[in-house]
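# Got a sequence here, can you build the structure:
(one chain, ligands or ions: 1)
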Amino acid sequence: MRIYLIGYMGCGKSRLGRLLSEHMGVQFVDMDDYIEERNCRTIPQIFAEDGEDGFRKIERKALEELSEFTDVIIATGGGAPCFFDNVDVMNKSGKTIFLNIDPAILADRLMKSKTERPLIKGKSRDELVVFIDDTLKKRKEFYSKARFEITEPDLSLDEIQDMIS
Ligand code: S3P
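Got it, this is the predicted structure:
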């Protein structure tokens, strides 16, 4: 049993992952936290020192390791499914769930936490909306390869568990 939660920054992968893992009695791994621990550096540090390309290679390596974990729910980084053949690796090794949340809600949430996210750091609300719009257009191609999709923010944990079982 291995579940990957995928979707844009701020869509609630980590929050849902934690709740669902408690509900199902399996372990939870946040991919960004895993990367930080394995590399003894924070995500902003990795971006600053190795650039986005370097980060994507590290992220890929983390995915290869996590794809061997069992009985686990993995909250992936927002860009993780969109590089290399990562989304195919996820689909082959587990069940993928795309959290498809309205861009306006994403913008509101990300305004509050943008200092921790290198890709959106320092952007005004208007710049953020344009950035979300642009990247979502490119990323949807990958997100839409997920086997399951949640658009309803209030879906219960039982309903989600039923959907994927
Ligand atoms: C990224 C999302 C972040 C993190 C990194 C890059 C992205 O994860 O992996 O800052 O490219 O969308 P969250 O989706 O958990 O914020």
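
# mean confidence for the longest helix anywhere in the chain?
Longest helix of the chain, by residue count under DSSP state H: helix 43-66. Average pLDDT, helix 43-66: 98.

# Pull out the buried positions in that helix.
For helix 43-66, the neighbour count (16 or more other Cβ atoms under 10 Å) marks 43, 46-47, 55-56, 58-59, 62-63, 66 as buried. For the C-beta atoms, the positions are set from N, CA and C on the backbone; glycine is no exception.

# got it, and stretch 156-165?
Buried-residue list, stretch 156-165, by 16+ other Cβ under 10 Å: I160.

# Distance from the chain centre to it, please.
In terms of Cα atoms, centre = their mean, to the nearest Å, the centre of stretch 156-165 is found 19 Å from the chain centre.

# Tell me which residues are up against that stretch.
Contacts with stretch 156-165, where a contact means Cβ atoms under 8 Å, 6 or more residues apart in numbering, come from 3, 16, 19-20, 23-24, 95, 97, 148, 150, 155.

# Can you give the contact residues for stretch 85-100?
1-7, 11-13, 16, 59-60, 63-64, 67-68, 74, 76, 80-81, 142-151, 160, 164.

# rerun at 7 Å
The list of residues contacting stretch 85-100 from outside it, by Cβ atoms under 7 Å, 6 or more residues apart in numbering, reads 2-7, 11-13, 16, 60, 63, 67, 80-81, 142-143, 145-151, 164.

# List the buried residues in it.
Buried residues in stretch 85-100, counted by 16+ other Cβ under 10 Å: 86-87, 89-91, 93-100.

# Pull the most distant pair out of the residues you listed.
With Cβ to Cβ as the measure, no two of these lie farther apart than S93 and N100, at 21.8 Å.

# ok so, going back, so how do I select the buried members of the contacts of stretch 156-165 in ChimeraX?
In ChimeraX, this line selects whichever of the contacts of stretch 156-165 come out buried by 16+ other Cβ under 10 Å:
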select :3,16,20,24,95,97,150
